[in-house]
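1. here is my input; please provide its structure:
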Amino acid sequence: MKFSIVTPSYNQGRFIAQCIESVRAQEGVEWEHLVVDAGSTDGTLEILARYPHLHWTSGPDQGMSDGINKGFLRATGDWVMWLNTDDYLLPGALQKVAAHARAHPAASVIYGECLYVDETGNLLRRRKDHRFDRNILLFYGCYIQSTATFLRRQVITDGHLLDVQYRNCMDFDYYLRLSSAGYRFSFLPEALAAFRWHSSNTSTQFSARRHEERLRAQRACLKRLGREWLGGERTLAVLKRVYQTKRACLRALTRRA
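-> Sure, this is the predicted structure:
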């Protein structure tokens with residue numbers, strides 16, 4: 001079993017070495033690491049050049065989603081994931097995913113938990129998740145952390161890529177589309193990666209754009225399901241609270257198990 005790790009990169013030279021080293025430290029499985037850089041000017045390219053095992057390119061793109069898609073299309077592994085430059089895999093993560101994949105051969109998407117760390121890598125908290133529930137995903141929001149999510153490469157060869165029109169909620173839209181297409185999601189209750197909170201990551205910026213993209217992804221999914229009548233903002237706000245409660249219950253049950 002081979003893994004392809006795709007890292008979209010742009011001017012994150014202060015973090016990228018830790019990202020690369022976290023992949024290089026993975027043992028017991030075959031992997032490749034593809035870095036798709038958008039033309040960094042902060043010393044990132046000099047860092048990339050120090051790692052002969054990397055498959056990397058640098059040049060203009062249409063944004064992060066486009067960079068990830070380019071890496072997806074070059075991937076040769078059985079399982080593919082994207083790992084942002086400011087995030088990193090935890091020791092043994094790929095071995096855990098490989099074992100889970102063998103135990104759940106029908107799964108097309110495997111997602112785990114992650115640790116939230118600060119800019120210097122200090123632990124903030126562990127993100128706790130639960131088995132897949134499409135309605136929680138749709139109405140509560142994207143509880144699946146992309147930096148701890150792995151896709152069977154067949155998903156990509158089937159033609160499913162990120163929508164480059166999304167700049168902040170590309171993962172939310174993607175997982176909604178994959179679930180609508182019938183791909184099976186499987187939850188692995190292990191911390192697989194660290195997600196770094198800092199002032200310049202996209203998770204902490206552009207709140208208005210995130211809100212607009214979230215609504216767009218939800219309404220597109222509801223249209224596919226023939227449930228457009230649920231797409232009003234007030235209705236979605238009520239449903240978010242309902243499924244937030246269901247999510248809390250599932251998380252509690254997962255912890256007991």
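2. show me the helices in the stretch 1-150 of the chain, by range?
-> Counting by DSSP state H, counting those that start in this stretch, the stretch 1-150 of the chain has these helices, from start to end: 13-24, 44-49, 64-74, 93-103, 134-135.
3. center of this structure - which residue?
-> In the chain, the centroid-proximal residue (CA atoms, centre = their mean) is Ser146; its distance is 1.3 Å.
4. might one say that that one is in contact with Trp82?
-> Yes: the pair formed by Ser146 and Trp82 meets the contact definition of CB atoms under 8 Å, at 6.3 Å. C-beta here means a position set from N, CA and C on the backbone, and glycine is covered the same way.
5. shaky segments in the stretch 101-250 of the chain?
-> Segments of the stretch 101-250 of the chain classed as low confidence (criterion: pLDDT under 70) are 199-205.
6. try 50 this time
-> For the stretch 101-250 of the chain, the stretches flagged by pLDDT under 50 are 203-204.
7. tell me the contacts of the closest residue to Ala38 other than its chain neighbours?
-> Leaving out its chain neighbours, the residue that sits closest to Ala38 by CB to CB, 6 or more residues apart in numbering is Tyr10, at 4.2 Å. Tyr10 is in contact with Asp37, Ala38, Gly39, Ser40, Thr44, Met64, Gly67, Thr85, counting by CB atoms under 8 Å, 6 or more residues apart in numbering.
8. can I get those residues in JSON lines with neighbour count and distance to Ala237?
-> Listed next are those as JSON lines, based on neighbours: other CB atoms under 10 Å; distance: CB to CB, whole Å:
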{"residue": "Asp37", "neighbour count": "22", "distance to Ala237": "39"}
{"residue": "Ala38", "neighbour count": "20", "distance to Ala237": "35"}
{"residue": "Gly39", "neighbour count": "13", "distance to Ala237": "40"}
{"residue": "Ser40", "neighbour count": "19", "distance to Ala237": "39"}
{"residue": "Thr44", "neighbour count": "25", "distance to Ala237": "40"}
{"residue": "Met64", "neighbour count": "22", "distance to Ala237": "28"}
{"residue": "Gly67", "neighbour count": "25", "distance to Ala237": "33"}
{"residue": "Thr85", "neighbour count": "25", "distance to Ala237": "34"}
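9. and the helices of the stretch 1-150 of the chain, which is most packed in?
-> Ranked by average neighbour count under the criterion mean count of other CB atoms under 10 Å, the helices of the stretch 1-150 of the chain are headed by helix 64-74 at a mean of 21.
10. so which elements touch it?
-> strand 2-9, strand 30-37, strand 79-82, helix 170-180 (3 or more CB pairs under 8 Å, 6 or more residues apart in numbering; DSSP states H and E).
11. which helices and strands does the shortest one pack with?
-> Just to be clear, that refers to strand 79-82. Secondary-structure packing of strand 79-82 (3+ CB pairs under 8 Å, 6+ apart): strand 2-9, helix 64-74, strand 149-152, helix 153-157.
12. for Met170, find the nearest of these.
-> With distances scored as CB to CB, the stretch of these nearest to Met170 is helix 64-74 (4.6 Å).
13. report the rounded mean pLDDT for the closest one.
-> In this model, helix 64-74 has a mean pLDDT of 96.
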